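# next one to model:
(chains A and B)
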Amino acid sequence: MGSGQIDRRTFMKVSSGVGVLAAGLAPAVTAEAKAARALDETPYPVKWYPFTGHPDSDTCWSLSVGPDGRIYAAACAESVPGGVVKPVRYNEQRDDLDYLFNLAEKVDDPGDSGRASQCKIHYSFAPSMHDGVLYMATHLSGPPIDLPVYSPWYSWHDAKRCFRGSALLAFDTRTDHVLWWDTLIPKEGCRCLLHDEERGLLYAMSYPRDHFIIYDLKTRKRRDIGRIGSINPQALFLDKQHRVWTSSDYGRLVRYTPETDRLEISPGLLAHDPNYQTGWHSVFYDVAPSPDGECVYASTWCPNPRLMRIWLNQGEWPRVEDLGPATQPRDLSFPIDMYRDHCGGLTFGGDGKLYYVASRWRDAKYNPTPESRKQNEGVVWCLDPQTLKREEVARLEHPTGMAHYVSRGAVDHNGDLFFGHVGNHPSGIFKVSMPADRKRKNAHLPIRMWG
Amino acid sequence: MTSMQTKPKFDPNSPEIKAYLNEIAHQFVREGTMVAFPTCLPGMTTPIPLDESRITALDINSEGHVYGGTSGRQAHLFGAAFHGLTGIVLDAGVVPGCTSTAAICCGASRTIAFVNGPQGGRAVAVPHIRLAEDWIQEWGLAPPVLQELGDCVPGEPVVHAVAVPSRNTVVGVTTHHLFTVDVEAGRITVVGEAPGRGQLAIGRAAVFGQDEGTQLWRFDVASGHIRRAAVHLPDGEWTGPLRWARDPNRGLLFTADAAGRLFSFDENKFRLLGKAHLAPVGPMAVTPDGRLFGFCGAEMANLFCCDTVSGSVTNLGVAASILEQRRYGYQFGDAVTGRDGEIVFGEDDNGGHLWLYFPKITSVRG
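Next up, the predicted model:
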């Protein structure tokens, strides 16, 4: 919505849109301008690192801290026919990115195979602490080299075109070698990955069929536990009892219990706006573990993404604490673009605070920022788990492009924040340098075991 | 490591690419409308649990109410109605110790379900469920009580069963024996030996089942006589279990071989119609205008329509529902023709739904 526009239905109810602006929203502009000035003096400098070494890249869906405390990201190329993903790592000595390898070549599935390509890693980095391995699994969507688009439904039965399957790689961060690879899920992509290191199991969600997959690292055998629904949850997470959690289409918790080998659905709903939503599509987007392991913080993949805190070890089913909307009010009569209204990049800093990035956009009625500001902004928020107060600490800045759609975030061993970003070409990552008093050594520990 | 921008190796304006894009744009439910209905009274009761809701058996009674059974961790039996003021799938309960439903048969007075567990196959009677209530405003219904009728053939799982046209008798088959059930009395009678493989087909006066090799056995309902190797299947690949659909208006049966070739069968001769674009062929049902609809392909099935006069087969794409529930449909276990010619498919998947398919209306001018 441009700055001259207002809520569609409101516009029809009043005689003039200009009148609405004049009536009460002008002071908000002044407040925003003050806030913008304050942010210019932020102690959280932001730097953009484009994937110039992989100019085809158009998205960065995965960014995680590795078992070595360094930041890994996926330079994905999904809109380019035959595009391939290249994992990158932030090199703190050079303050730049190292391009690790062409993943398609490593798994003998090159971009010119004629099949849907090994184009991306989607929330599917998972560390292994005892041996320094970073597991990664690929996802689908990139078209074959000679076709403009790819549909996994359309090409499911086409041996020539169908995606070969999600490739699972074991990358040794100590030697920078791929130790081995396997096909994690034939014909399907891996939406998200989790490592239960104590039990030597990887868990994954398949796309498009939305099946829950278990991969035994010792036997390298896969088990398909079955379908959950239609809307892929974007995260899996683990509790102290080795139970694996995700969400259903209807905004309920889904729990896998190894002892019963069952997927079960919670009676209660995840956080959503009860004024106009039912819980449908309130699937997890991003989930960050609290350092004490007692709860997780999550955002939903849904318009008006909601923040919540989930106490996993309380009661038969966890207690879900609604922390409210992550983004601004808006016109509810129109289905907003999910690439505009978004929240991701949840990660705990070395200071014990939760950091995340929520989008903010100019809206004539709800957020009438001046034209000098960007239409869409990525705001870095800091949430205090004790008080639940949140503070805007930085705005992500891209020199020319967008900075509002953050996929994942992580803190490196130095305590600095990194965010993967989607929407620019080439894509890239942001670094937010943390103030000295908010950093600590090995701030990435205890490490998050899922993508 | 630097790589050059990858150049697309196609002409975006070529007829082939435009045709491909058009195919992609129409990959879901190319004709008609699909409605995925959950196994509950939506918004009022909870659906059958995720891993107990693979719908593997359906039948329809004379009121147009659908009865079904699930497979999974436990087998559930249910009744469903989608007309008037209904709109409900009512879970009639779990059959203890059973993990699959092989068949469900609507009799004149009640429904008989055939469920399997580690001990073999059993018959269970489901009472007539009074579903024709006002499920919009006010309702009241006592939970139905399932009645165990016992093992069909001790130690043998039931493969399939069908109700004969009078709906007083059900004919079923286990892996090795044919049996009948008196619907009203609940009495099970083992008739004799016959192999059970795939579905049974109900003809005008006989029941057909897959025999050894490429033959069918025929069971004469009136005389109670089994004739082995009574019918030879036509040339085809008859390696898989058979599925059947019936057109009651024309008295024709329809089946498919393992390669997806579709055949009609008038109880004497087979006629090759056409071939589904994927195999194996799954559940099928016939609309009152004679069109045969079914699913084909493993893992991610496609809906097809066969014009049973011309034999032409049309790919109608992957199932998707945008009404009632938003859901993709990948695997289906059974199908029946509904009261008004719609087709009800049972989804054989976790979180299975009943999928009502309303075919595209065809021109009266043909």
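
# C-alpha from now on. contacts and neighbour counts both.
OK.

# in stretch B:88-98, what's buried?
B:I88, B:V89, B:L90, B:D91, B:A92, B:G93, B:V94, B:V95, B:C98 (16 or more other Cα atoms under 10 Å in any protein chain shown).

# same question for stretch A:71-81.
A:I71, A:Y72, A:A73, A:A74, A:A75, A:C76, A:A77, A:E78, A:S79, A:V80, A:P81.

# still on that earlier bit, just the buried residues of stretch B:88-98: which are in strands?
B:I88, B:V89, B:L90, B:D91, B:A92, B:G93, B:V94, B:V95 (DSSP state E).

# the last one against B:F78, yeah?
Put plainly, it is B:V95. No: look at B:V95 against B:F78 with Cα atoms under 8 Å: they stay out of range, at 11.1 Å.

# and stretch A:247-254, how far out from the chain middle?
18 Å (Cα atoms, centre = their mean, to the nearest Å).

# how long is that stretch end to end?
5 Å (Cα to Cα, to the nearest Å).

# within range of chain A, give me the residues from the stretch 51-200 of chain B.
For the stretch 51-200 of chain B, the residues in contact with chain A (Cα under 8 Å from any Cα of the partner chain) are B:D51.

# quick one, strands of the stretch 51-200 of chain B?
Taking DSSP state E, counting those that start in this stretch, the strands of the stretch 51-200 of chain B run over residues B:54-60, B:66-71, B:75-81, B:88-95, B:100-106, B:110-117, B:120-127, B:147-151, B:158-163, B:169-174, B:177-182, B:188-193.

# not counting the fifth one itself, show me its contacts.
The reference is to strand B:100-106. B:56-61, B:67-72, B:74-75, B:111-117, B:158-163, B:167, B:170 (Cα atoms under 8 Å, 6 or more residues apart in numbering or on different chains).

# with just CA atoms, put that strand into PDB.
Extracted C-alpha coordinates of strand B:100-106, given in PDB (Å, rounded to 0.1, in the frame of the first residue of the first chain):
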ATOM      1  CA  SER B 100      -7.500 -51.800   9.400                       C
ATOM      2  CA  THR B 101     -10.900 -51.800   7.800                       C
ATOM      3  CA  ALA B 102     -11.100 -54.000   4.800                       C
ATOM      4  CA  ALA B 103     -14.700 -53.300   3.800                       C
ATOM      5  CA  ILE B 104     -17.900 -51.800   5.000                       C
ATOM      6  CA  CYS B 105     -21.300 -52.900   3.600                       C
ATOM      7  CA  CYS B 106     -24.600 -51.100   4.100                       C
END
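
# looking at that strand now, give me its mean pLDDT.
Across strand B:100-106, the average pLDDT comes to 98.

# who touches residue 165 in this structure?
You didn't pick a chain, so chain A it is. A:T183, A:L184, A:I185, A:P186, A:K187, A:E188, A:G189.

# if you could check chain B rather than the one you did, that'd help
B:R204.

# returning to that earlier point: any idea which of the strands of the stretch 51-200 of chain B gets closest to A:D416?
strand B:54-60 (48.4 Å; Cα to Cα).

# in space, what's closest to residue 301 - neighbours in sequence excluded?
With no chain named, the answer covers chain A. Leaving aside its sequence neighbours, A:W301 sits nearest to A:Y285 (Cα to Cα, 6 or more residues apart in numbering or on different chains; 4.6 Å).

# my bad, chain B
B:A301 sits nearest to B:Y330 (Cα to Cα, 6+ apart), 5.3 Å away.
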